[in-house]
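K.L.:
Return a 3D structure for these sequence lines:
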Amino acid sequence: MDKLWRIRNLLNNNLMQVYRFCLLFIIPILLHTSCGSKEEKDSRPLSKKAGGKLVIAEVVKPLSLFPHKLTRIEEALICNQVYEPLIRLNAKTLNLIPALAEKWEVSQDGKHIKFYLKKGARFQDDPCFPSGKGREITTADVKYTFEKLCYDNPNNYHFYTICNDRIVGAKEFNEAMQNYKEGDKKPEIKGLKIIDDYTFTIDLLYPNYDSFLQLLATPIAVIIPREGYEQYGEKLNFGAGPYRIDNSLSNESQLVLIKNPHYYAVDQDGFALPYIDTLVIKYFENTEDAIVAFLNHQVDVVNDIPNNAAKKVVENHINSFQKVPPEYIIDVTSQMFVQYILINTHMPPFDKVKVRRAINYALDKNKIIEKAFNGQALPGIYGITPPAFKNYDISQLKGYNTNISLAQKLLADAGYPNGKGFPTVTIYTNKGFSKTQVAINEMQRQLKENLNINVVFESLPLDIKFRLEQKNKGHFFRQGWVADFPSPENFLNIFYGKHISLDTSKVYYPNTQRYINPIYDELFEKGRDAVNKDTAYQYFMKAEQVLLDDAPLIVLWYEASYRLYNNKVKDLYMNPMRYYDLRVSYMEKK
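P.N.:
Modelled structure (predicted):
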């Protein structure tokens, strides 16, 4: 058995300790809406599953619900319900499934894709439309959306994610748009061709169609209405999705979504999707408060629970787990998820690679995860990519095992013997995640003990932390990344810097720290643009080793996700990307 599978087995064995605990005691367990608050009656054929309300607890509020400015998985959760992409993911298998594009055809060379839109799909009702009625979606909306995505501007964080170096003519279109003035002839994207109202093609620069299709399944690439964007700009918060936001019921503590009665999709029996009438995203200061609300029957689902908290819930509420059927369920799965610390390579003394390597060698990741997770995670001794991709063997990477003597030597060689003259280091993190703060406390202790470096940390609201990152104001920033699509490319893209400048007035995402390394960029591009997965993985592995040697980050851990939910919630599929398809979930009727 190769090393990758041994790593996975190690993680799974650790996770099984929680399963064994549960099984020991829980034998019976199956281990602007713009339309206001007045809800239209759904005249479509309804399943017996239809109806009910689902309440999900979150500890992070969205910074934006405009698709081109998404930066957080919590924002993606909402946008996946409000907007509609060309392609979706099957939440159970993570395979691509049709959405607004009912089918697509890829040419033999992998560089030409023909899409066929579903007829009759329409945008949600909104005052921006004549008579307030949402109209049918056509290829004109696809063209408009891609013109917005392929224009690099402050309202679009994802030009380099979706368009540049992928779609033929996207770069030239952007350059022309930078000088475009009202009245001029509008530039065209050469690689986007409209055939008729329901058919269009996209030409790719390279035969990497698989990752491009995966990107189209993210909420970044949802189709938006011209009328909506022209009226609301980045405040746009409606599309063609299964739910729409109810502003009359939403406030600082919750976001309420109600079923879109004109949504096009149906289940295999022809009944209307989604099944659930109302979704509520309820916001809490921390996970502990969310768990209390769950136990008081105020919420139905709590994500991202620390394993020690999950264990305590089972111990203290064993009767709820022992019922037949059980009242509560705890799910656990390994994730395409990594926790890490971004190092600001543009701020002394971290502009010296020896300092960055010293910090990495001085940390005992096993002790960190023992403190934060009781050992129920895999230490980040490899790279930024988690052990979640078959044939991408992260154990082949030379990362950072603990080596305190080498760390001390590197720090001395950099001009700071025994930490003398080294400035106090600040780690910024966002509020609401107690396990992260426990981990940072342990980092703080180790760096003081092993290198005589003083570390302080500050928990900030997400928007303030994000602004500090963009302004390059801070030494360290704690980050987590969950895959947008299932490939190492998605993790390595965080550090792609070919188009990055040091102009702090401009927002760059996901490379918020403006890491720039031409060797890394070249290898990443070769992997991104490769003809097949094997070749791509070879280049990605080389790029990741360059990244580790340069050490612009501290990989902390690869973790599993614990989710607590009420058993009345059905078909809420869990997957390594924490991708929810709430169209197919339903509430069991008692």
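K.L.:
so who does the residue most central in space within the chain touch?
P.N.:
Nearest to the centroid of the C-alpha atoms of the chain, with distances taken as C-alpha atoms, centre = their mean, sits residue 73, at 3.9 Å. By C-beta atoms under 8 Å, 6 or more residues apart in numbering, the contact list for residue 73 reads 482, 578. Placement of C-beta: from N, CA and C, glycine included.
K.L.:
low-confidence ranges in the protein?
P.N.:
Within the chain, the stretches falling below the threshold (pLDDT under 70) are 1-41, 375, 432-434.
K.L.:
picking that back up, quick check: the gap between the residue nearest to the centre of the chain and residue 236.
P.N.:
With distances defined as C-beta to C-beta, to the nearest Å, the gap from residue 73 to residue 236 amounts to 20 Å.
K.L.:
Quick check: phi and psi at the residue nearest to the centre of the chain.
P.N.:
phi -70, psi -30 (degrees, to the nearest 10).
K.L.:
same question, residue 182
P.N.:
Comment: the main-chain dihedrals of residue 182 come out as phi -60, psi 130, following degrees, to the nearest 10.
K.L.:
Look at it and say how many residues are nearby.
P.N.:
Other residues near residue 182 number 5, with proximity taken as other C-beta atoms under 10 Å.
K.L.:
cool, and residue 102?
P.N.:
A count of neighbours around residue 102, defined by other C-beta under 10 Å, yields 15.
K.L.:
Excluding sequence neighbours, find me the nearest residue to it.
P.N.:
Distances taken as C-beta to C-beta, 6 or more residues apart in numbering put residue 118 closest to residue 102, at 4.3 Å, once the chain neighbours are dropped.
K.L.:
Neighbouring strands - and their directions - for the host helix or strand of residue 558?
P.N.:
Mapping residue 558 onto the secondary structure by DSSP states H and E places it in strand 553-566. Each strand that pairs with strand 553-566, with its direction, by DSSP bridges: strand 301-302 (antiparallel), strand 328-343 (antiparallel), strand 377-379 (antiparallel).
K.L.:
which is the next helix or strand following the longest one?
P.N.:
Read that as strand 328-343. Heading towards the C-terminus - elements assigned by DSSP H and E - strand 328-343 is followed by helix 353-361.
K.L.:
For that following helix, list the C-alpha coordinates in PDB.
P.N.:
C-alpha atoms of helix 353-361 as PDB (Å, rounded to 0.1, in the frame of the first residue of the first chain):
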ATOM      1  CA  VAL A 353      13.500  32.700   3.600                       C
ATOM      2  CA  LYS A 354      15.700  31.400   6.500                       C
ATOM      3  CA  VAL A 355      13.400  33.100   9.000                       C
ATOM      4  CA  ARG A 356      10.300  31.500   7.400                       C
ATOM      5  CA  ARG A 357      11.900  28.100   7.400                       C
ATOM      6  CA  ALA A 358      13.100  28.500  11.000                       C
ATOM      7  CA  ILE A 359       9.500  29.200  12.100                       C
ATOM      8  CA  ASN A 360       8.300  26.100  10.300                       C
ATOM      9  CA  TYR A 361      11.000  23.800  11.700                       C
END
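K.L.:
what does that helix contact?
P.N.:
Under the contact criterion C-beta under 8 Å, 6+ apart, helix 353-361 has outside partners 343, 345, 349-350, 400-404, 406-408, 410-411, 413-414, 416, 447, 451, 453, 550-552, 554.
K.L.:
coming back round to it: between the strands paired with strand 553-566, which gets nearest to residue 167?
P.N.:
Distances from residue 167 to each of the strands paired with strand 553-566 were compared using C-beta to C-beta; the shortest belongs to strand 328-343, at 25.3 Å.
K.L.:
residues of the closest one that come out buried?
P.N.:
By neighbour count on 16 or more other C-beta atoms under 10 Å, the buried set for strand 328-343 is 328-332, 334-343.
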